[in-house]
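*Asks:* from the sequence below, what's the structure:
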Amino acid sequence: MANRNTTTQTHVAQPAVTFAPEALQQVIAQAVREALASKEKSDRSIDPEALTIRAFKRAGFGEVKPRQDVKTYNLWLADGLRVKEGERSVKVRNLRLFHKSQVRPMTVEEKAQGSASKLPPVSPISEPANAAVKATAKAAKAVPVEGSGSLQ
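*Replies:* Coordinates of the predicted model:
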């Protein structure tokens, strides 16, 4: 049996790497350009404004300016405008957006109602329902008055 430690290995001499400082700078600059170019491509696909413009062009609205011509339902309400009945939103990521051509000014009655048409704010529950029932049950117990021996 041959011992693995005794086998001879031939080492090939590696030539020394020689870069001139200018050549090294060119290689680094090229790598940086390629990295930035790939990042720009991915940033464009993530840009929400570009996605909004693309989605509204696809829906047939033409030129749009995000945050000016295109807003959510609640933002149009805040501006005193209401989405017309029957209009459909355009979905961009997790947002449902409406174009300015899909809204109309609010009537006097709608403005008078104001926030009445919106759902009331939700208040958090601080304690479980069972604990609230127990607390009211404890408060309802009769407590004797000192000295009289009667219940109050």
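*Asks:* residues near residue 84, how many?
*Replies:* Residue neighbour count, defined by other CB atoms under 10 Å, stands at 11 for residue 84. Using the backbone N, CA and C atoms, a C-beta is placed for each residue, glycine as well.
*Asks:* change the start of the numbering to 23 and stick with it
*Replies:* I'll keep to 23 as the first residue from here, and by that count the last item is residue 106.
*Asks:* contacting residues for the residue nearest to it when sequence neighbours are not counted?
*Replies:* Nearest residue to residue 106, sequence neighbours excluded (CB to CB, 6 or more residues apart in numbering): residue 126, at 5.3 Å. The contact partners of residue 126, by CB atoms under 8 Å, 6 or more residues apart in numbering, come to 103, 104, 106.
*Asks:* same thing but at 10 Å, please
*Replies:* 98, 103, 104, 105, 106, 107, 109 (CB atoms under 10 Å, 6 or more residues apart in numbering).
*Asks:* so residue 133 makes contact with residue 127?
*Replies:* Yes: with contacts counted by CB atoms under 10 Å, residue 133 reaches residue 127, the gap being 9.3 Å.
*Asks:* which residues are common contacts for these two?
*Replies:* Contacts common to residue 133 and residue 127, judged by CB under 10 Å, 6+ apart, are 102, 104.
*Asks:* of the contacts of residue 126, which is the most crowded?
*Replies:* Neighbour max across the contacts of residue 126 (other CB under 10 Å) = residue 98, 21 neighbours.
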